[in-house]
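[1] Fold the following.
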Amino acid sequence: MERTILVIEDEQNINDILTFSLSKEGYKTLSALDGIKGLEMALTENPDLILLDVMLPGLDGWEVCKKIRESSQVPIIMLTAREDEIDKILGLELGADDYITKPYSMRELAARVKANLRRSAVVPPVPETKPENQDTIISGDLAINVERYEVSKNGEVIDITLREFELLRFLAMQPDKIFSREKLLENVWGYEYYGDVRTVDVTVRRLREKIEDDPSMPKYIITKRGVGYYFNK
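    Model (predicted):
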């Protein structure tokens, strides 16, 4: 099935290069040259993935990403010319799935697109073993329903993104097993390590804010300093 990619990039030459290259890869492409039009197309055209530039006229990429996430979990890859760490973290905090810093090669971009499309189409790998006769993992006041993609605490459902759920699910299905950030990128995000492992750190922080009583002293998702993270059941 042909997948549709929306390119929101205000520089016409870059927009043309991206749409042409992606078309050669077999994707259907849509494009917008400003944030307002891009947001409108994102919400009405139902693309399978969005390439979103940060510096846009009308609405900047941060605001576009934030508004898309209010109603859609479509994969978003942020395109930024800025190397600043805070910019990358902000994009992830607002719900972007990935980011790539200009200048970038089309080969790398194509790999990121393919990986994120693959991740949106399939459920992440999990261990073959799961709690016997249970679709729900219970740990303290936390309940993770692995079939309904639902997390509740003290009986109240928590508003959680798909990526946050996948990370929690993956860790909870293998309690007390420590995973490096690179391994989590590979298994939850679905691609080999390309760039900044802060992608994992930011998602863990967002998740802790939702499931922990005190995110600064977590009791579920624990950091093993210098190694990675594990779920403490």
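
[2] next structured bit after the helix or strand bottoming out on mean pLDDT in the chain?
    Between all helices and strands in the chain, the lowest mean by mean pLDDT, DSSP states H and E belongs to helix 85-93, at a mean of 71. Using DSSP states H and E, the next helix or strand after helix 85-93 towards the C-terminus is strand 98-101.

[3] any idea of the mean pLDDT for that next one?
    Average pLDDT, strand 98-101: 84.

[4] so what secondary structure elements neighbour that strand?
    Here strand 98-101 touches strand 76-80, helix 85-93, helix 106-121, going by 3 or more Cβ pairs under 8 Å, 6 or more residues apart in numbering; DSSP states H and E. C-betas here are computed from N, CA, C, even on glycine.

[5] number of nearby residues for residue 110?
    The tally of other residues near residue 110 (other Cβ atoms under 10 Å) stands at 15.

[6] Give me the pLDDT for the residue lying closest to it once chain neighbours are set aside.
    Leaving out its chain neighbours, the residue that sits closest to residue 110 by Cβ to Cβ, 6 or more residues apart in numbering is residue 25, at 5.8 Å. pLDDT for residue 25: 92.

[7] now residue 25: how far from residue 106?
    Residue 25 sits 9 Å away from residue 106, going by Cβ to Cβ, to the nearest Å.

[8] swap in residue 43?
    For residue 43 relative to residue 106 (Cβ to Cβ), the value is 27 Å.
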